[in-house]
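Chemist: One predicted model, sequence on top.
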Amino acid sequence: EFDSTGRFFDMLHATFSSIEEGENVAARALGRPEIGFEWDAVQTIITRFDASQQTELASLMQAYMGRTLSPYRQDFTALIGQAGESVNGIYEADYRDFNRDTYARGRATFDETYAGFKRLLYGIWRRDEMRAEAEAAE
């Protein structure tokens with residue numbers, strides 16, 4: 001799976017590079033500024049992570065993927081296992097089907113990842129807003 005993920009990102013990078021080049025050919029012809037795709041919003045997340053068995057693999061993936069790999073892990077818990085079996089998301093799981101600790105542990109890993117994603121996204125939006133304001137001021 002890790003190998004196919006690496007090949008997927010290679011393909012994704014090539015696709016976006018091709019789109020970027022096509023857009024920049026048009027931009028140059030029209031006398032407009034060129035664009036540059038920014039990869040900081042593209043991240044992968046390790047899901048169904050079992051620290052007792054996958055820590056070494058996760059370290060290898062981190063070394064290979066660098067900042068593209070989110071520092072957050074979706075730990076494999078009973079809540080996640082049962083949600084996957086019933087083809088539901090963990091936020092759709094009924095808390096009454098679990099003991100309190102199991103439910104809290106399962107939710108915590110997703111809540112932490114969502115909070116990190118939200119910070120990343122808001123930071124990128126703010127960066128783009130500031131860039132647009134600076135360009136407008138010029």
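Modeler: It's in.
Chemist: gap between the worst-scoring helix or strand of the chain on mean pLDDT and the chain center?
Modeler: Ranking every helix and strand in the chain by mean pLDDT, DSSP states H and E puts helix 78-85 at the bottom, with a mean of 74. Here the centre of helix 78-85 is set off from its chain's centre by 21 Å, with CA atoms, centre = their mean, to the nearest Å.
Chemist: Quick check: pLDDT value at the spatially most central residue of the chain.
Modeler: Geometric centre of the chain, nearest residue: Gln43, 3.3 Å, by CA atoms, centre = their mean. Looking at Gln43, its pLDDT is 84.
Chemist: I figured it was touching Gly66, is that so?
Modeler: No - the pair Gln43 / Gly66 is not scored as a contact, 10.5 Å apart, by CB atoms under 8 Å. In this view, the C-beta of every residue, glycine as well, is placed from N, C-alpha and C.
Chemist: got the contact list for the closest residue to Tyr91 other than its chain neighbours?
Modeler: Counting by CB to CB, 6 or more residues apart in numbering, the nearest residue to Tyr91 once its immediate chain neighbours are dropped is Phe110, at 7.4 Å. Contact criterion CB atoms under 8 Å, 6 or more residues apart in numbering gives Gln74, Ile90, Tyr91 as the residues in contact with Phe110.
Chemist: and Phe110, what helix or strand is that in?
Modeler: helix 100-137 (DSSP states H and E).
Chemist: which parts of that helix are buried?
Modeler: Of the residues in helix 100-137, Tyr103, Arg105, Gly106, Arg107, Thr109, Phe110, Thr113 count as buried by neighbour count, 16 or more other CB atoms under 10 Å.
Chemist: Can you check what angle separates it from helix 78-85?
Modeler: On the basis of axes from the mean of the first three to the mean of the last three CA atoms, to 10 degrees, helix 100-137 is oriented at 80 degrees to helix 78-85.
Chemist: now helix 100-137, how far from the chain's geometric center?
Modeler: Distance, centroid of helix 100-137 to centroid of chain: 10 Å (CA atoms, centre = their mean).
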